[in-house]
Structure formats: C-alpha cells, structure tokens
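K.L.:
The amino acid sequence is not available; the structure is as follows:
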C-alpha cells in the first residue's frame, strides 16, 4: 500500500490489515515470539551508539513492550501510583508523538511498585487498538485516537504484584484474561468482547489466576486458546495447584487441562508440533504435554520438571525441535520438547538479570536484560553468543524487544530505542 493511500485510509479512521512486517501484539504476530524477518541488526549500541536510528524520551518508566503497525508505534505508560494510565501513538519515522489518550483512575490499587500500572502491551488487528489498564478497564481506539468503546465494569484486579495480561484478537473478538486477583471479590475470568462494540460475547470464570497472556494456536487444524494458571495454595500437594488449559475461543468452553504447574505463573504458553509447554516461575515447575486429547490430559504429559528454576518471568520460544528459555538469573536452557532433556545444562549463565521474553528471527534469539543489554544467541543446540549489545548506563528495563520491518525496538524506563542496520 502506498503512503498516500495509507494516509487516506487512516483519515477515514481505519488502517491496513496486519502484515508479516508488523509486531501487532505482545510476543508478535503469533503470540509465540517469532518474526519471519531476515537480515536484522546483529550489533548495536556501545560507545558510538552503532545502528541506533533514533531514541525517544519517555516521561514515565513502564514495563510494557511496544507494538508496531506500519508507520505507527503504540505503547503504554502510567504515572506514579497509576492515577493516569496512557496509550501513546508515535510516528515510526521520527518518534514524534501523534496522540496520547489518558485514562484517570483515582482509586487506590495494590501493586509491588508504584510504576507498575501499565504492564500490558496493546494489541491491534489493523483497524483498531485495544489496551488493558487493569482495574481502570479495557479501552479501544481507532488509529486517529478516537475512543470507540471502553469497559470500566470489569471489577478491581488486585494483587501484590499487579497485573500484566495483554489483550488478544481472535476474529471479531478481543479476548482479555482478567486476573490475577488475590484480594478482590471480582475473581479471575476470561472475557471475550465484540471488537466493534466492546460488548461481552462470553465469559469463563476460573479459580486460579496468573500474569500470563493467552495464546491462540492451531491444534489439529482447529483454533484453541491456551492459558496457564497457578498459585501457591497452602496445604495442597505439590504440583496440584495449577493447570495449563485449552479453550474453544469461539465459546470460552474448556476443552482440556493438564496438571503440574505450581508457584507463580508469568510466562505465556508455547505451542508447536502438537506439543504445548507451560513454565511456572519462582522455583516452580515446567511441563510439556501432547495435544489432541480432551478433558484431563495429565496422562499425556511428556515430561515434568518439578522445580528446575529459581525464577522465570519472561517467556521462552520453540524453534524447530528445541525449546529455548532463560531464567531470571541468566541461566540458559535448550530443552528437547519430547523428553525435557536440557542441552545447555552445563553452559555458563548470561551476565545480569532478565525479565525479557525471547524473540526469534532468522536463526537468532534476542534477549533483553534488565540493565538494557541485549544478548543475541544462536537458535541451535550448540550454545553460542553471537553478540552482546549495550546501551548507556541507567537504561534499565523490564520489557522485551519488538521487531518490525527491519527494525528492532527496545523500550527502557527512559527511552524508546529504534535499532536499524546502517546501509
């Protein structure tokens, strides 16, 4: 689509459909951390700021990852204490702010950190942008910044660590995981809303919560929604306190569940080759299960690691016949999906701490660390660090990289960075 035609379409309040070059949601086009792009920058930053196209100052620190559609970048932000929660639209060419929509929320909301009130990434289907601000509600805008609808009747989402689940598009639906709630009477539930009106299509209540964003995937050529849920429950047997579940995204009905997840659940499920993977955090378990069954499919587990990690926050990625994962403390893993064998168990850990999720492109794994360093690893069973890219001191972050049309975007507490290979 030409720039002129694109501008005309946007003037009418719509936009082109999502393309392979876009990063339209948390963890990209598939929600699995994959980009189909090639010839991306391998090295950047350092003393000479190599391959840095621009950096945009951000008024407030935030944990969310930006999304990109065509010439537009969308990201969230919140003031300290969460009194104002915002969706920003930036011009891709020069990082200028095109518009900003603020949502006021005066009620006190429990959180671990006073800057953690806009953790979820927005999502777009190319016609509108949807954003979740937790207790402040879910909002939908067109590409000119006009509010199309809002849902402020979803209850209070209360947890000591806040919330982080991002919205997911499925056909004419927007699906939102409304959890995790440990202090609110409103409970945990999956909600499907009509993307044009915001009206409820279906709602599924759940006992357990999580910070995980649901994933839509094909299982035996049928669409399924996968979601991991778990929490520590005193007095319960180990590995009996959480599930990885599959739902029909058209109706919200549960199709299957597998037991074995425990502790805190931050990561999104991974799905490939008829296998689903769930990984708990904070000393929790990890499992893989063969898909295709219905009801309780715990018997179809391929493996269970009871307590292999001290902490996991970011999600892994499946590339070919291997699962790649990095724990919070920089411990790297390359698992066999069928056996759970770790090919990287004897490899040295990365330097630093990460809450970032792995992103795969062209045989490379991109991982953003909390100090702003991005490691680039080879996506193969033999461990290899291809590059270590640093930003100036003080550029801390809890987000992940986003990839779109040859560019890599890094969001820190101070700036949004655009990385592009210099010709």
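P.N.:
Everything's here; your move. Worth saying up front: this structure is predicted, and the values here are computed from it rather than measured.
K.L.:
For the rest of this, base every contact and every neighbour count on C-alpha atoms.
P.N.:
OK.
K.L.:
who's in contact with residue 186?
P.N.:
Contact analysis of residue 186 by Cα atoms under 8 Å, 6 or more residues apart in numbering lists 155, 156, 157.
K.L.:
could the residues you listed be laid out in JSON lines, adding distance to residue 279?
P.N.:
Formatted as JSON lines, the contacts of residue 186 follow (distance: Cα to Cα, whole Å):
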{"residue": "155", "distance to residue 279": "28"}
{"residue": "156", "distance to residue 279": "27"}
{"residue": "157", "distance to residue 279": "23"}
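K.L.:
neighbour-wise, which of the residues you listed leads?
P.N.:
Most neighbours among the contacts of residue 186, by other Cα atoms under 10 Å: residue 157, with 25 neighbours.
K.L.:
wouldn't it be in contact with residue 181 here?
P.N.:
Yes. Contact status for residue 157 versus residue 181: in contact at 5.3 Å, counting by Cα atoms under 8 Å.
K.L.:
Across the sheet, point out what pairs with residue 377.
P.N.:
According to DSSP bridges, residue 365, residue 385 are recorded as the beta-bridge partners of residue 377.
K.L.:
In this structure it contacts residue 385, no?
P.N.:
Yes. Under the criterion of Cα under 8 Å, residue 377 lies in contact with residue 385, with a separation of 4.6 Å.
K.L.:
Compare neighbour counts for the two and give me the winner.
P.N.:
residue 377 (19 against 13).
K.L.:
List the contacts of the more buried one.
P.N.:
Taking Cα under 8 Å, 6+ apart, we find residue 377 in contact with 364, 365, 366, 383, 384, 385, 386, 387.
K.L.:
Let me know the distance separating it from residue 362.
P.N.:
Shown here: residue 377 relative to residue 362, a distance of 11 Å by Cα to Cα, to the nearest Å.
K.L.:
Over to residue 118?
P.N.:
Applying Cα to Cα to residue 118 and residue 362 gives a distance of 31 Å.
K.L.:
So for these two, which residue has more residues nearby?
P.N.:
Shown here are residue 118 and residue 362; by other Cα under 10 Å, residue 118 has more neighbours (29 against 14).
K.L.:
list the contacts for the spatially closest residue to residue 373 that is not a sequence neighbour?
P.N.:
The shortest distance from residue 373 to any residue other than its chain neighbours is 4.5 Å, reached at residue 390 (Cα to Cα, 6 or more residues apart in numbering). Neighbouring residues of residue 390 by Cα under 8 Å, 6+ apart: 44, 45, 46, 372, 373, 374.
K.L.:
Sort those by pLDDT and name the bottom one.
P.N.:
By predicted confidence (pLDDT), the lowest-ranked of the contacts of residue 390 is residue 46, with 90.
K.L.:
pLDDT wise, what is residue 18 at?
P.N.:
For residue 18, the model assigns a pLDDT of 83.
K.L.:
What about it, how many residues nearby?
P.N.:
Using other Cα under 10 Å, the number of residues around residue 18 comes to 17.
K.L.:
Also residue 191?
P.N.:
Neighbours of residue 191 under the rule other Cα under 10 Å: 21.
K.L.:
pLDDT weak spots in the stretch 101-250 of the chain?
P.N.:
By pLDDT under 70, the low-scoring segments of the stretch 101-250 of the chain are 183-184, 231-240.
K.L.:
same thing but at 90, please
P.N.:
Within the stretch 101-250 of the chain, the stretches with pLDDT under 90 are 108-111, 156-162, 179-187, 207-209, 230-242.
K.L.:
Strands of that one, start to end?
P.N.:
Chain-ordered strands for the stretch 101-250 of the chain, with DSSP state E, counting those that start in this stretch as the definition, fall at 123-124, 129-132, 138-141, 147-151, 168-170, 173-178, 188-194, 200-206, 215-219, 222-230, 242-247.
K.L.:
residues in contact with the longest one?
P.N.:
Surrounding strand 222-230, the residues in contact under the criterion Cα under 8 Å, 6+ apart are 208-210, 212-218, 241-249, 261-265, 268-269, 278, 280.
K.L.:
again, 7 Å this time
P.N.:
With Cα atoms under 7 Å, 6 or more residues apart in numbering as the test, strand 222-230 has contacts from 208-210, 212, 214-218, 241-249, 261-265, 269, 278.
K.L.:
swap in the fourth one?
P.N.:
Residues outside strand 147-151 that contact it (Cα under 7 Å, 6+ apart): 137, 138, 139, 140, 141, 142, 197, 198.
K.L.:
Which of these sits closest to residue 38?
P.N.:
Using Cα to Cα, the shortest approach to residue 38 within the contacts of strand 147-151 belongs to residue 142, at 30.5 Å.
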